[in-house]
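In: Compute the structure for the input listed below.
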Amino acid sequence: MTSYLYKLLIFSLFFLAMPSLYASDLAKEQRWADQIVDSLITGEAEWLPVGKHKVLAIYTESETQPALGGAIILHGVGVHPNWDQIVRPVRSQLPEYGWSTLSVQMPILPNDAKLEEYAELFDEVEPRMTAAVKFLKDKGIKNIVIVAHSLGSAMAAYYLRENPDSSIKALVAVGATGSHFKDADKNYLKSLTTIKVPVMDIFGAIDEPDVIETADKKVAVAREAGNNHYTQIKVEGADHFFIGKQDVLVQLINDWIKQFAVEK
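Out: Predicted structure coming up:
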């Protein structure tokens with residue numbers, strides 16, 4: 001057996017031994033990683049240390065130096081940091097505007113899992129976010145924002161609520177699910193009651209029903225919480241994945257985050 005195959009076997013056995021310690025489906029995370037790493041065209045694969053295992057992230061450096069800042073990209077339910085919709089366009093195009101991006105594999109469940117079951121994964125978000133922030137800071141990046149899609153928005157908001165003194169300067173929540181979780185402690189609306197960092201809540205005019213139906217309530221909750229930098233934008237003709245509108249989405253994100261994340 002070659003040294004490479006031996007290391008691969010040990011690595012695989014390591015992942016098989018870990019599920020009892022983590023709710024996330026680590027075997028599925030590894031399958032995603034196997035598909036992504038060798039096919040990357042833009043960006044470099046990085047492995048963030050999280051507890052006793054490592055999480056895949058994709059780092060794409062700003063095309064301008066110095067960078068305006070760094071954006072941590074969080075995907076939606078069950079997918080990965082190079083997902084075709086929202087995630088890859090944002091992580092690969094923001095560098096053109098001067099932002100380095102770090103797209104992070106978030107905790108996931110098997111394909112047949114229901115959205116409600118994802119509530120049990122929220123406690124695994126903080127270690128991944130901490131590792132992502134450290135990675136960017138080690139690159140000398142101080143202006144750090146989060147751009148999250150769908151379930152990733154709820155995870156990001158929960159992280160900010162539980163870590164009010166974090167280094168995150170702004171949150172862009174794309175297609176944020178409003179109140180899906182029966183465990184209200186995990187839903188996006190609950191987190192908005194305490195988040196003080198600037199938030200841009202952006203969604204499509206033909207988005208998912210929950211996203212659209214809770215739009216007005218999100219505004220009301222943010223205002224009641226005293227968040228003076230909460231902005232909501234509805235994009236006409238856009239669906240939940242902004243198909244055909246992804247360039248527009250990236251432009252909107254850049255125009256907004258540079259107001260708060262660039263040091264004066």
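In: Against residue 219, how distant is residue 250?
Out: As defined by Cβ to Cβ, to the nearest Å, residue 250 lies at a distance of 24 Å from residue 219. (Each C-beta comes from the backbone N, C-alpha and C, glycine too.)
In: neighbour count winner among the two?
Out: residue 250 (22 against 15; other Cβ atoms under 10 Å).
In: in whichever strand or helix holds the more buried one, what's buried?
Out: Using DSSP states H and E, residue 250 sits within helix 246-261. For helix 246-261, burial by neighbour count (16 or more other Cβ atoms under 10 Å) applies to 246, 249-250, 252-254, 256-258, 260-261.
In: Let me see the ranges of the helices in the stretch 151-264 of the chain.
Out: 151-162, 188-192, 209-213, 215-224, 246-261 (DSSP state H, counting those that start in this stretch).
In: okay, these in JSON lines with mean pLDDT next?
Out: What follows is the helices of the stretch 151-264 of the chain, written out as JSON lines (pLDDT from 0 to 100):
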{"stretch": "helix 151-162", "mean pLDDT": "95"}
{"stretch": "helix 188-192", "mean pLDDT": "92"}
{"stretch": "helix 209-213", "mean pLDDT": "93"}
{"stretch": "helix 215-224", "mean pLDDT": "95"}
{"stretch": "helix 246-261", "mean pLDDT": "92"}
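In: now those helices as TSV including distance to residue 135?
Out: Compiled in TSV, the helices of the stretch 151-264 of the chain are given as follows (distance: least, Cβ to Cβ, whole Å):
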stretch	distance to residue 135
helix 151-162	15
helix 188-192	24
helix 209-213	30
helix 215-224	29
helix 246-261	17
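In: helix/strand/coil for residue 102?
Out: Secondary structure, DSSP: H, G, I helix; E, B strand; the rest coil: residue 102 is strand.
In: Mind listing the residues bridging to it?
Out: residue 59, residue 72 (DSSP bridges).
In: residues contacting it?
Out: Taking Cβ atoms under 8 Å, 6 or more residues apart in numbering, we find residue 102 in contact with 46, 57-60, 70-73, 132, 135-136.
In: Look at the closest residue to residue 154 other than its chain neighbours and say how many residues are nearby.
Out: Nearest non-adjacent residue to residue 154, counting by Cβ to Cβ, 6 or more residues apart in numbering: residue 188, 4.4 Å away. For residue 188, the tally of surrounding residues (other Cβ under 10 Å) stands at 28.
In: Identify the residues contacting residue 188.
Out: 153-154, 157, 173, 176-179, 218.
In: In a markdown table, list these along with neighbour count and distance to residue 98.
Out: Shown next, in a markdown table, are these (neighbours: other Cβ atoms under 10 Å; distance: Cβ to Cβ, whole Å):
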| residue | neighbour count | distance to residue 98 |
| --- | --- | --- |
| 153 | 29 | 24 |
| 154 | 31 | 28 |
| 157 | 27 | 26 |
| 173 | 29 | 22 |
| 176 | 32 | 25 |
| 177 | 24 | 30 |
| 178 | 23 | 32 |
| 179 | 16 | 36 |
| 218 | 22 | 29 |
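In: pull the helix or strand with minimum mean pLDDT from this structure.
Out: helix 3-17 (a mean of 42; mean pLDDT, DSSP states H and E).
In: Which members of the buried residues of helix 246-261 define the maximum pairwise distance?
Out: The most widely separated members of these, counting by Cβ to Cβ, are 246 and 260 (22.5 Å).
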